[in-house]
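**Student:** here you go, sequence then predicted model.
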Amino acid sequence: EDQVTQSPEALRLQEGESSSLNCSYTVSGLRGLFWYRQDPGKGPEFLFTLYSAGEEKEKERLKATLTKKESFLHITAPKPEDSATYLCAVGGGGADGLTFGKGTHLIIQP
Amino acid sequence: DSGVTQTPKHLITATGQRVTLRCSPRSGDLSVYWYQQSLDQGLQFLIQYYNGEERAKGNILERFSAQQFPDLHSELNLSSLELGDSALYFCASSDGTGGYNSPLHFGNGTRLTVT
């Protein structure tokens, strides 16, 4: 069974204070690792897809990296508008549905 | 705006009742996915349809069923509702069959409260 564990559950940072969110996964045959952002009362918003170890993707202040066992979402010099819950998901095995972690609730204080 | 529309936004009903949730995918997307999100379980995959046909099943209860119509909109039917069915139900769509080469785009969900 595919499993995704995200840490920390919650993270509070000062504006400009860089950090990283972790996503550890167990999957039989990784077909893709996905990062989403979810704002309160909204559906998850797609950020990145990573397919193989060593791959990196960047978007504004966010950079996602992938190893064989985990992925990191690095946030550089965050702003208050980066506050959200960040979700990690994997696709693998025989099922087509993604397996999501429970997310990291990120708060950026001005 | 993801382009995925879900109605209604909120639904309050009693135990034992039946409800229908509706989803219109992004224009051109053939795949529709249903997910349940609760505080303790996170996002759980329920079921996927591709161009009208069921393609994959996740942790969907027998009391729940779904279908995708010729115009590609989808409905999720929940029956014999229990208190534990209270959750956010999300619909997502993609233009592929498996969602790996094309990401899932989520609607803003239907919040179901069973009293």
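**Tutor:** Perfect, thanks for sending it.
**Student:** verify the stated contact: A:Leu33 with A:Leu47.
**Tutor:** No: counting by CB atoms under 8 Å, A:Leu33 does not reach A:Leu47; the two are 11.2 Å apart. Just so you know, the C-beta spots here come from the backbone N, C-alpha and C atoms, and that holds for glycine as well.
**Student:** more neighbours, these two?
**Tutor:** Taking other CB atoms under 10 Å in any protein chain shown, A:Leu33 and A:Leu47 do not tie; A:Leu33 has more neighbours (26 against 19).
**Student:** hey, where'd the strands end up in chain B?
**Tutor:** B:5-7, B:10-13, B:19-24, B:31-38, B:42-50, B:53-57, B:64-68, B:74-78, B:87-94, B:105-106, B:110-114 (DSSP state E).
**Student:** want to throw the ones you listed into JSON lines with distance to chain A?
**Tutor:** Formatted as JSON lines, the strands of chain B follow (distance: least, CB to the nearest CB, whole Å):
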{"stretch": "strand B:5-7", "distance to chain A": "8"}
{"stretch": "strand B:10-13", "distance to chain A": "11"}
{"stretch": "strand B:19-24", "distance to chain A": "11"}
{"stretch": "strand B:31-38", "distance to chain A": "7"}
{"stretch": "strand B:42-50", "distance to chain A": "3"}
{"stretch": "strand B:53-57", "distance to chain A": "4"}
{"stretch": "strand B:64-68", "distance to chain A": "13"}
{"stretch": "strand B:74-78", "distance to chain A": "14"}
{"stretch": "strand B:87-94", "distance to chain A": "5"}
{"stretch": "strand B:105-106", "distance to chain A": "3"}
{"stretch": "strand B:110-114", "distance to chain A": "9"}
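**Student:** got those as TSV, with mean neighbour count and mean pLDDT columns?
**Tutor:** Shown next, in TSV, are those (neighbours: other CB atoms under 10 Å in any protein chain shown; pLDDT from 0 to 100):
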stretch	mean neighbour count	mean pLDDT
strand B:5-7	16	97
strand B:10-13	14	98
strand B:19-24	19	98
strand B:31-38	24	94
strand B:42-50	22	92
strand B:53-57	15	91
strand B:64-68	19	97
strand B:74-78	20	98
strand B:87-94	25	95
strand B:105-106	24	94
strand B:110-114	18	97
